[in-house]
Every structure is written in structure tokens, then in C-alpha cells.
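J.: Any chance you can model this:
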Amino acid sequence: MPISDAMLTMCGAEFLLWAALGLLFWRKALHRRFPATGIYLALHVVSFPLLLWVLFESQRGLPGVNYLAYYTYGYFAVYIVSAILLFFICAEVFHAALAPFPGLFKFGTVLFRWAALISIVVSLTSISTKQWGLSVAVTHGGIDLIESVAYALMHSASILELCLLAFLCLGMNALRLSARSMVFGIALGFGLMAASDFILSSLISASGPQTAMVQLAEESMILVALVIWLTYCLLPEPESKPVVMPVTSRIYRWNEIASALGHTGTQVAVQQPANSFFLTDVEKVVEKVLNRNLQGHESES
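T.: Residues are numbered from 1 along each chain as shown. As a prediction, the model looks like this:
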């Protein structure tokens, strides 16, 4: 199917936005804070014009070269690498949001890894077992299997993106996170792209093959996400300040609980006496431990 003029214009605008975003991202040294996002941008800046050129060559129909096969395998290769990078991008955004809270940072990292692993396993097991047969690999060159794996990985990554965006929106005040910070901007752009993927995939499954209107809608959401990221890069980011909160704050208590879960503490050996003052001795030991902890907190402050 030939590319329409509107689609061609939007593809040109997308390439310019990718290039401008990548250049600005590197000039502001944001790739040091978000290395996975920097690799993601570099991948699309390089691969987008190459894939577009191969697609144009495939429509010319030159004999002797199967450009359409090159485009298909190249497209899904970039798609799979992008899906893998999205897991690392979600992880680094999650870490940046919880950086002021070391207890929640360590405990949340463990939960995030398990959630990502479960999401990947569930998405991959949803692939039809027929697509793992040798007949598919022989007749279709394995493209059906590659396509299913690519969409499964992107599906699980999109779920993480939406969960991450919801987490940041709900916990923005507690985490002392500004809506103008780059952390929230990255999550917002990927969250919008993930939401559009789910909506458009449901429309495709309901109406049949992908139509020109669906392609234009998908391209429009990509352009919106790129404009959001470019805006966040252009606007000055709020200065990072030390997080100060009262002791009675709920996030402070959760941080202390998470820190305690990963701390083994000091082992106290208690010898049980033969007399009836066992409970009294235990109370004295507990009181000594509490006083020692209070003295430690006072010395740190």
C-alpha cells in the first residue's frame, strides 16, 4: 500500500523531532542521568531514516532485491530492541523518583524486578503454541514467531509504562516530585504512547487489518509524545532540593519500614534464668536496645 501524502509529512516531522530531541538530550547531558533513554533515542534517530528508505525502495519494486523482507525484519528487530530498552527506561525512571528515599528505593527495586519478570513471562506464554512449530519457521521464514514475540514484549513493557505513570501521578506529592521534572516528562510521554497502543490494538482487533486512519492516529500519538519530551528538554528543570519531611509523615514511616525490612539488626543473646524474673530481664534487654537506637539517631542528627 503506497504511503499517503499526510503520512509522508508526518514521517518527515517525526524524523526531525527525533533528531532534535536526540541532539538536545545530549547537549544537556541528560543521557548521563537516563542512559537507557539516551540509547532509545539514538536507536530511533539512526534506524528511522534507514527503515523509511528501505520502505520506499520496496514500493518501487526493483527486481532482484526483496526490500520488503529487509524492511520487515529490520522493523521488528528495532521493535524488539525498543521493547527491551523500555524495561530499563522504566527502571531508571522508577529509581530516579525514589532516589531520595533509600529504604523505598531498595525495597521497590526488588518489587519492580519481580513485576517486570512476571509481566514478561505472562506475555510470552500468551503466544500461541502453533507459532513455535517448525512449519511456521519454514513457510514464513519465522516472521510470525518474531512478530508475536515482539508484540508480547511490547505489551508487557506498555503495562509497566502505564503502571509507572499511574504510580508517579498518585504519589507525586508524597515523593516531592514536580510535574516539570524530566522524570515525570519521560514517564508521561511513554505512558501516552502505551495508552495509544492499547487503544489502537483493540480497534484493529475489532475492525480487522490496520487501516490508514489507524496508522495516522498511531503516528499522531508518537508526534505528541515527541513534542512533550522536546518541551521538557527545552524548559528549565526545577532545581533538586533535599527532601525534608516531618517524622510523622507517612512516606517517612514507609521508608523506615522498608529500611528495616532489609536490615538484619543486632543479634542479642538472652540466657533464660531458672527463676521467675525471666520477663523482667527480657524487658530490660529490650529497653537497652531501644535506648541504644535512640542514642544512635541523636548522634546522627
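J.: Please identify which helix or strand holds residue 175.
T.: Per DSSP states H and E, residue 175 falls between elements, in no helix or strand.
J.: what sits against the nearest residue to it once chain neighbours are set aside?
T.: Once flanking residues are discounted, residue 175 sits nearest to residue 97: 5.7 Å by Cβ to Cβ, 6 or more residues apart in numbering. C-betas here are computed from N, CA, C, even on glycine. By Cβ atoms under 8 Å, 6 or more residues apart in numbering, the residues touching residue 97 are 168, 175, 177, 183.
J.: Point out where the stretch 201-301 of the chain drops to low pLDDT.
T.: Low-confidence segments of the stretch 201-301 of the chain (pLDDT under 70): 202-211, 240-301.
J.: how does it look with 90?
T.: 201-220, 235-301 (pLDDT under 90).
J.: domains of this protein?
T.: Taking automatic domain parsing as the reference, the chain has its domains at 5-234, 267-301.
J.: List the contacts of stretch 17-36.
T.: Defining contact as Cβ under 8 Å, 6+ apart, one finds that stretch 17-36 is touched by 37-38, 41-42, 44-45, 48, 85, 88-89, 91-93, 96, 182, 186, 223, 226-227, 229-230, 233-234.
J.: To clarify, my last question referred to stretch 114-130.
T.: So stretch 114-130 is contacted by 87, 90-91, 136, 148-149, 152-153, 155-157, 159-160, 163 (Cβ under 8 Å, 6+ apart).
J.: Could you rerun that using 6 Å?
T.: For stretch 114-130, contacts defined as Cβ atoms under 6 Å, 6 or more residues apart in numbering pick out 87, 148, 152, 155, 156, 159.
J.: Filter those residues down to the ones in helices?
T.: Cross-referencing the contacts of stretch 114-130 against helices under DSSP state H gives 87, 148, 152, 155, 156, 159.
J.: any idea which of those has the most stuff around it?
T.: Counting neighbours by other Cβ atoms under 10 Å, the top entry in the ones in helices among the contacts of stretch 114-130 is residue 156, with 24 neighbours.
J.: Check the gap between that residue and residue 100 for me.
T.: Between residue 156 and residue 100 the computed distance is 28 Å (Cβ to Cβ, to the nearest Å).
J.: what about residue 190, neighbour count?
T.: 26.
J.: And the pLDDT at it?
T.: Here the pLDDT value assigned to residue 190 is 94.
J.: Excluding chain neighbours, give the residue nearest to it in space.
T.: Distances taken as Cβ to Cβ, 6+ apart put residue 161 closest to residue 190, at 4.6 Å, once the chain neighbours are dropped.
J.: What of residue 91?
T.: residue 112 (6.2 Å).
J.: quick one: the one you found and residue 65, what's the gap?
T.: Counting by Cβ to Cβ, the gap from residue 112 to residue 65 is 45 Å.
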